[in-house]
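Engineer: Just a sequence and a predicted model for now, questions to come.
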Amino acid sequence: MRRKFSKDAVQHIYQRSMHGFNLFYSTEDFLVFYTIVSIQARRYGITLLGMCLMIEHIHLLLSADSLCQMSGFISAYTSIYAKEFNARTGRKGELFKSAYGNAGKSEMKKIRSAIAYLFNNPVEKMLCSRAEEYRWNFLKYYRYGVSIKTEKCSRKLKRAMKAAEFSFRSGKHMKFQMLENILRSLDEAEREMFTDYIIRLYLPFDCKRTVGHYRSYEDMIKAVNSNTGSEYEISERHYCRSDVPYREILRYLKMNGIHDAGAMISLPDEEKLQYMKSLKENTSASYTQIRKFLHIRPEKLKAPK
């Protein structure tokens, strides 16, 4: 079908992974993808109004001058992240579906509805009770600048921040190996500070323009939390209301000594199917969710959905 596009409209972009596979397992995964999008948005001259990273799909709100510009941007960040993700996990092949959904929003009411819809994805999936509580829709960062107080930071944290700043100023995204080494060396509180620092440092959103659809940031928060928004122009597949079982799987694996859940992707299918039984017995995840978590193709799964 001929893709509809207008440079005067705000575009709602929706992307799914191949076979519904999980895209993100760790803080490192989210940060690598986020910094890739940030760098590529600047490279392609894309104005980003919002982004929400869910476990197996993503949403973006953006403005572009042409369909070619928008498609080039989407192709760039998906292919770069797939390459990085595949190298880390040992998987092969495409990670995202090549076709993405887009819907142009020109009227103020429709733009606000798209904003609310994007930010409320984690609320609808029961990952939080209020939209601003979810880190990976970045809503809480619209209010703050890049600066962070470093006077009381440890030397390790200061060195980590300098390394991140060097990558940003060099026009490069954060790499898995670098992030893993840094986060491993920090305590829990420092890891939180470092993650916030990277998000604020790479912040790619035109926050002023997004908030400008409301009277203030506070009004935007109130509006988002009082109206979940709607989207009828993009065919978004809804499988399960809650994404909480994915967190249960991660906790269960960690309790059993598996701290790098993403590494399970490269296991043989026979071994993955063995894990499936214990995950089904010890979490509330469905067979379909476990399949997506373990990157098992649908035709390999003979258990009930």
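Structural biologist: Yep, it's here. Numbers count the residues shown, from 1 in each chain.
Engineer: Residue ranges in this protein under the pLDDT threshold?
Structural biologist: The chain contains residues with pLDDT under 70 at 1, 144-150, 237-240, 302-305.
Engineer: Do a quick rundown of the strands in this structure.
Structural biologist: Ranges of strands within the chain are 10-16, 47-53, 57-63, 101-105, based on DSSP state E.
Engineer: can those go into a markdown table with extra columns for mean neighbour count and distance to His213?
Structural biologist: The way it works is simple: take the backbone N, C-alpha and C, and place the C-beta from them, glycine included. Below are the strands of the chain laid out as a markdown table (neighbours: other CB atoms under 10 Å; distance: least, CB to CB, whole Å):
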| stretch | mean neighbour count | distance to His213 |
| --- | --- | --- |
| strand 10-16 | 22 | 9 |
| strand 47-53 | 21 | 9 |
| strand 57-63 | 22 | 10 |
| strand 101-105 | 18 | 10 |
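Engineer: Any chance of TSV for the ones you listed, columns distance to Ile221?
Structural biologist: Below are the strands of the chain laid out as TSV (distance: least, CB to CB, whole Å):
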stretch	distance to Ile221
strand 10-16	19
strand 47-53	13
strand 57-63	16
strand 101-105	20
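Engineer: Lys175: which of those is closest?
Structural biologist: strand 47-53 (18.1 Å; CB to CB).
Engineer: Not counting that closest one itself, show me its contacts.
Structural biologist: 10, 23-24, 30, 33-34, 37, 41, 58-64, 115, 118-119, 121-122, 134, 136-138, 204-206, 209-210 (CB atoms under 8 Å, 6 or more residues apart in numbering).
Engineer: Of the strands of the chain, which is nearest Tyr217?
Structural biologist: strand 47-53 (13.4 Å).
Engineer: Go ahead and flag the most central residue of this structure.
Structural biologist: Leu53 (2.3 Å; CA atoms, centre = their mean).
Engineer: Would you mind measuring from Lys105 to Leu49?
Structural biologist: 10 Å (CB to CB, to the nearest Å).
Engineer: Overlap of the contact sets of these two?
Structural biologist: Val10.
Engineer: Take the contacts of strand 47-53 and, keeping just the buried ones, write it as a ChimeraX select command.
Structural biologist: What follows is the ChimeraX syntax selecting those of those that are buried according to 16 or more other CB atoms under 10 Å:
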select :10,23,24,30,33,34,37,41,58,59,60,61,62,63,64,115,118,119,121,122,134,136,137,138,204,205,206,210
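Engineer: Which ones among the contacts of strand 47-53 map onto helices?
Structural biologist: Assigned to helices by DSSP state H, the following of the contacts of strand 47-53 qualify: Phe30, Phe33, Tyr34, Val37, Ala41, Ile115, Leu118, Phe119, Asn121, Pro122, Arg209, Thr210.
Engineer: So which of these is the closest to Glu281?
Structural biologist: When the ones in helices among the contacts of strand 47-53 are compared against Glu281 (criterion: CB to CB), the nearest one is Pro122, at 27.0 Å.
Engineer: My guess is the closest one contacts His57. True?
Structural biologist: No - the criterion here is CB atoms under 8 Å, and Pro122 misses it with His57 at 11.9 Å.
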